[in-house]
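Chemist: Can you look at this prediction? I've put the sequence above it.
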Amino acid sequence: MSDILLRTLGLGKTFTVGRRTVEALKDVNLEVARGECHAVVGESGSGKSTLANIVLGIHPATAGEVVFDGKPLHYAGDPTLRRRIQLVQQNPLSALNSRRRVGASIRLPLDVHRIGTRAERATRVASLLEEVGLAPEMARRTPASLSGGQRQRVAIARALAANPDLIVLDEPTSALDVLVQARVLALLDRLRRERGLTYIFITHDLAVVRALADRISVFAEGRMVETGPADRIFNAPQAEFTRNLIGAVPVATEEEERLRERVRSMGRSPGFAA
Amino acid sequence: MRGDIVLRIADLTLGFRRGRHTAEVLHGISLHVRRGEKVALVGESGSGKSVTARLALGRLQQEKGTLVTGTIEVAGIEATRDSARIAAARGKIVSMIFQDPTSALNPVFRIGEVFNEVLRSGGQRLSRRAAREKAVRALAEVHIPDPERCLDSYPFQLSGGMNQRVMIAMALVNEPALLLADEPGTALDVTVQAQTLKLMNEMIERHGTAVLFISHNLSVVREFADRVYVIYRGNIVEHGRTEQIFAEPRHPYTRALMQAAPKLVAAGLPDLPETSPAFRDPLIVHEGCGEPGEVAA
Amino acid sequence: MSTRPSSVAWIEFRSNPISILGLVLVVACVAAALLADWITPYPEHVGPIGDFTAINQGPSAAHWFGTDTIGRDVLTRIIYGFRMSLTMAVLVLAISMPVGVVLGLLAGYLGGWVEFVLMRLTDIFLAIPPLVLAMAIMGFLPATLTNAMLAVTVMWWPWYTRLVYNLVRSEAREGYVLAAEVIGASAPHVMFREILPNCAPAILTKLTLDVGFVVLMVSSLSFLGLGVQPPTPDLGSMVADGAKYMPDAWWLSVFPALAILVLVLGFNLLGDGLREAFDAEV
């Protein structure tokens, strides 16, 4: 059992907005293995953000539970959780405090959890900057003077600072340009392998996780419609929703067109149920 | 389809003056769009693609500190420095649709009220009833199931996909010669975006509008455009028909974009630089393409 | 936590002639207040004793702004009046600003009943016209300078609370606040070390504009006899006392009034300039 780092059991979340109730998550049974990159794919309203918020302790679940490293996930009762689970957000500009220098932002987890002495923290910040491909001198810069890609690297460095086990990445490259995105994805992949991290990678863009994800869970309207190894999800998607999703992605190469056609035609053949 | 030239841009430069410095954003770009053509302008942020669209719409020229040289002509109206004529023609001759439909529509007005405004600024003098009928027909054309109800709704009551259709309907109701589309559907789910593009294709074929489609997403461009201009840091670096560009991208920047785009098939992670001096290589034009007045390659 | 003003704001500030004018006026008034003992021609006229041989004289070479009914030099009393006004403004704001800001932070970030209680209290204070509220408070207290300042302090903090509350509510939705919370930062850390620095430009701008307003408020109270008591020189009292002699001994009211104008205008221009400079930073 110890190779499953995070598991949700019948997880559900209902919001009450005025007189309306919205079921953002229904009966979700997700398994994330230690050291894997697990992609959570869905469109708006799929519940993927709600799932992230529950895992990060921002909202409590209204049904079911989350088990992290064998124990029920309960932030109030376990102060180490805030060190072991981290977040990289979509918008790098808003995710960094514009009134803090970059080094101070990266150092924040060390300060909060009182890791190391002042001198040790400064050294650590410098080595983190190098690890994400930035010069150590950038610690003195302010976020406003950095590009989108650089800011996102800083946010990643901050997430790594306290040596977490699990990082939730909520659309980490959606706001970045194509070339920058490719670099940041490569960085994320390398960091995971080198440090043995576990990722929950949330995205609406299937193609982005093709190269990165070990396993993929597809969400629609609060339910998990399909889960499995990345290769299988792309080459032989079982759920109609997944097939529609793959079928709708715009593609630029012949090979991808063939894959897309193959997936579209799966839905039409009698062998596959909806 | 060789028709009249609806948008002609020649050696356009654009600079913004701040204090003593002038930041040059466009370094002399040329492009054209003919009637009925769908032309894409592809680039990343900071490439100048969005300001090009805004200049064609007549939105930047008059602002303090903007320096424009070269030529922009929209449907024969010269718009380089004096945007007044273009501004008057906005909605009639040239219109624009935006990335995020819900935020592009004023939230305090119902769709019907905005439509009336659009029709009025299009120079059409219609009675209340005639205007409403026209709006209903326009919404039906974009396959909105209950046009009457839609007209009485506020943007926040409709889905993103519906608002996108509404925006397309509004942009085309006055039969403009040129439609500018700035990353349409980027804010929408991929399934909705696919439907939106299909709808745009259909509408444009029916109305014969010329389209300048601005995007950072090569795959979307491939599915939509006839011709492609690739823009990098204020310079056009490659120009060709869609088939040519995708079969044989020649410029280092275009090739980098294609390699970097995430793929649905297992291809590993590309190892690419974020920038390279080769990206500043001069313009490459594919066979049979070229600007009007120039000798084709 | 480093909150050094960024160079973008400074460049914008110094290229705006209005801001520079404001800064010059403010510096002039502050300098006059600080150096009063040395630059005034007749420092002894601060008290109740003047030059009985020079009563009610118009502006002249000896007395640039004339003398009052007991022979005191008006210019001297105006300069000491600056000192009085600025001191009062500093004292009032030094207390009301921190109190107001902290309450606004607590109400905006903690929410719940804290927000409810604090903001309803703030609403009550803000609902009453400022001068009326100050007068009402003074109705309960003997008319001394200290009490006047107390009254103004008590009615001033809610403006900061309202300002900071609104700022905190919008900042609390930003990514960096979420990031700090996920990292495990405590509520006091998030409020004071993450959000507060982002409120600093607005608070600073308001502070500058408020100096002028506090001076006007105290001057108004003095004009009504509720603030500074004679013989202490205060710009508002001087205007009040001199009003009786208008238009004959016009210099008794006009010069103090102009002095108030210059002081308030200087701080207003400075505050406007700061606001534009900070806006340029965004």
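Modeler: It's in.
Chemist: Now do the helices in chain C.
Modeler: C:7-14, C:17-34, C:36-39, C:74-110, C:112-127, C:130-140, C:145-171, C:175-183, C:187-189, C:196-223, C:235-243, C:251-281 (DSSP state H).
Chemist: Could I get those in CSV, plus columns for mean neighbour count?
Modeler: Glycine gets a C-beta too; all of them are placed from N, C-alpha and C. Output for the helices of chain C, formatted as CSV (neighbours: other C-beta atoms under 10 Å in any protein chain shown):
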stretch, mean neighbour count
helix C:7-14, 16
helix C:17-34, 16
helix C:36-39, 13
helix C:74-110, 22
helix C:112-127, 13
helix C:130-140, 16
helix C:145-171, 21
helix C:175-183, 22
helix C:187-189, 13
helix C:196-223, 22
helix C:235-243, 22
helix C:251-281, 20
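Chemist: between those, which gets nearest to residue A:171?
Modeler: Evaluated with C-beta to C-beta, those place helix C:175-183 nearest to residue A:171, the distance being 11.9 Å.
Chemist: about what we covered before: check the helices of chain C for me: which has the lowest mean pLDDT.
Modeler: Least confidently modelled of those is helix C:7-14, at a mean of 76 by mean pLDDT.
Chemist: what about it, distance to the chain center?
Modeler: Centroid separation for helix C:7-14 versus its chain: 24 Å, with C-alpha atoms, centre = their mean, to the nearest Å.
Chemist: same thing with stretch C:89-105?
Modeler: For stretch C:89-105, the gap between its own C-alpha mean and the chain's C-alpha mean amounts to 12 Å (C-alpha atoms, centre = their mean).
Chemist: So what touches that stretch?
Modeler: With C-beta atoms under 8 Å, 6 or more residues apart in numbering or on different chains as the contact definition, stretch C:89-105 has outside contacts at C:118, C:122, C:149, C:152-154, C:156-165, C:167-168, C:191-192, C:195-196, C:199, C:203, C:207, C:210-211, C:214-215, C:218.
Chemist: ok, and the closest non-adjacent residue to the closest residue to chain B within chain C?
Modeler: Residue nearest to chain B within chain C (C-beta to the nearest C-beta): residue C:15, separated by 6.8 Å. Taking C-beta to C-beta, 6 or more residues apart in numbering or on different chains as the measure, residue C:15 lies nearest to residue B:19, with 6.8 Å between them; neighbours along the chain are not counted.
Chemist: just checking, the residue of chain C closest to chain B touches residue C:8?
Modeler: No - if you go by C-beta atoms under 8 Å, residue C:15 and residue C:8 don't touch, sitting 11.2 Å apart.
Chemist: sorry, back to before: of the helices of chain C, give the one that comes closest to residue B:102.
Modeler: For those, proximity to residue B:102 was assessed by C-beta to C-beta; helix C:145-171 is nearest, at 20.0 Å.
Chemist: which helices and strands does the closest one pack with?
Modeler: Packed against helix C:145-171, as judged by 3 or more C-beta pairs under 8 Å, 6 or more residues apart in numbering or on different chains; DSSP states H and E, are the following elements: helix C:74-110, helix C:112-127, helix C:130-140, helix C:196-223.
Chemist: Now do that helix: distance to the chain's middle.
Modeler: How far helix C:145-171 lies from its chain's middle: 12 Å, per C-alpha atoms, centre = their mean.
Chemist: Report the contact partners of the one residue in the stretch 51-200 of chain B that gets nearest to chain C.
Modeler: Using C-beta to the nearest C-beta, residue B:65 is the residue of the stretch 51-200 of chain B that sits closest to chain C, at 13.4 Å. Remark: with contacts taken as C-beta under 8 Å, 6+ apart, residue B:65 is in contact with B:16-18.
Chemist: quick one: residue A:187 from chain B, how far?
Modeler: 10 Å (C-beta to the nearest C-beta, to the nearest Å).
Chemist: what's the neighbour count on that residue?
Modeler: By the measure other C-beta atoms under 10 Å in any protein chain shown, the count of residues near residue A:187 is 18.
Chemist: Now residue C:265. Nearest residue, chain neighbours left out?
Modeler: With C-beta to C-beta, 6+ apart as the measure, residue C:25 is the residue that lies nearest to residue C:265, at 6.5 Å, once sequence neighbours are left out.
Chemist: if we can go back for a sec, from chain A, how far off is the residue nearest to residue C:15?
Modeler: When C-beta to the nearest C-beta is the yardstick, residue B:19 and chain A sit 18 Å from each other.
Chemist: Which other helices and strands does the helix or strand harbouring residue B:117 contact?
Modeler: With the criterion set as DSSP states H and E, the secondary-structure element containing residue B:117 is helix B:111-121. Counting contacts by 3+ C-beta pairs under 8 Å, 6+ apart, the secondary-structure elements packed against helix B:111-121 are helix B:128-141, helix B:147-151, helix B:160-172.
Chemist: Residues contacting the last one from elsewhere in the structure, which ones?
Modeler: Among residues not part of helix B:160-172, those counted as contacts by C-beta under 8 Å, 6+ apart are A:44, B:95-98, B:100-102, B:104-105, B:111, B:114-115, B:118, B:135, B:138-139, B:141-144, B:150, B:155, B:158, B:179, B:184-185, B:187-189, B:192, B:195-196, B:199-200, B:203, B:207, B:209.
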